[in-house]
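Student: Quick one, structure for this:
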Amino acid sequence: GEGMATYYLTFYPPTSVNKMYAPRYRGGMRLTDEAKIWKQYAALKAAEQWRGNSPLMGRICITYRFFAMKHDWDNPCKILGDAMNKIVYHDDSQIVQAHIYLYREEKTNPRVDVEVQTLE
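Tutor: Sure thing, here's the model as predicted:
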């Protein structure tokens, strides 16, 4: 439709996704220090690739493609989504579709490719 556009970003994957959340002292979960550092990296990398453009408005579809990663995809998706908040889009409530692809057979170039598509 009118105004639909697709944007591409790429990130180095986190070293160990399984250590991204730790139990909080009073219950619940918190980001580990390692995960906080990766989230800061991802926000900087997103801002660099976004080149000062305004955050997207309206509904969006996001696609994550994980290459050469053995571990879970859910934690990195959550952290990347948070890292792109206020940079690529105003708020993650704008995400109405999400697609995740795992290319586990890829061994050489570990990365997360992110495709963000406006739906209106």
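Student: So for the helix or strand where residue 96 lies, what gets flagged as buried?
Tutor: Per DSSP states H and E, residue 96 falls inside strand 95-103. Within strand 95-103, the residues that qualify as buried are residue 95, counting by 16 or more other C-beta atoms under 10 Å. No exception for glycine: its C-beta is placed from N, CA and C like everyone else's.
Student: Leaving aside the residues adjacent along the chain, what's closest to residue 11?
Tutor: Nearest non-adjacent residue to residue 11, counting by C-beta to C-beta, 6 or more residues apart in numbering: residue 112, 4.7 Å away.
Student: Just the buried residues of the helix or strand hosting the one you found, please?
Tutor: Using DSSP H and E, the element containing residue 112 is strand 111-118. By 16+ other C-beta under 10 Å, the buried positions in strand 111-118 come out as 111, 112, 114, 116, 117, 118.
Student: and if you look at stretch 7-26?
Tutor: Neighbour-count burial for stretch 7-26 [16+ other C-beta under 10 Å]: 7, 9, 11, 13, 14, 17, 20, 21.
Student: Nearest to residue 68 among those?
Tutor: Closest approach between those and residue 68, by C-beta to C-beta: residue 13, at 7.7 Å.
Student: Thanks again, I'm all set now.
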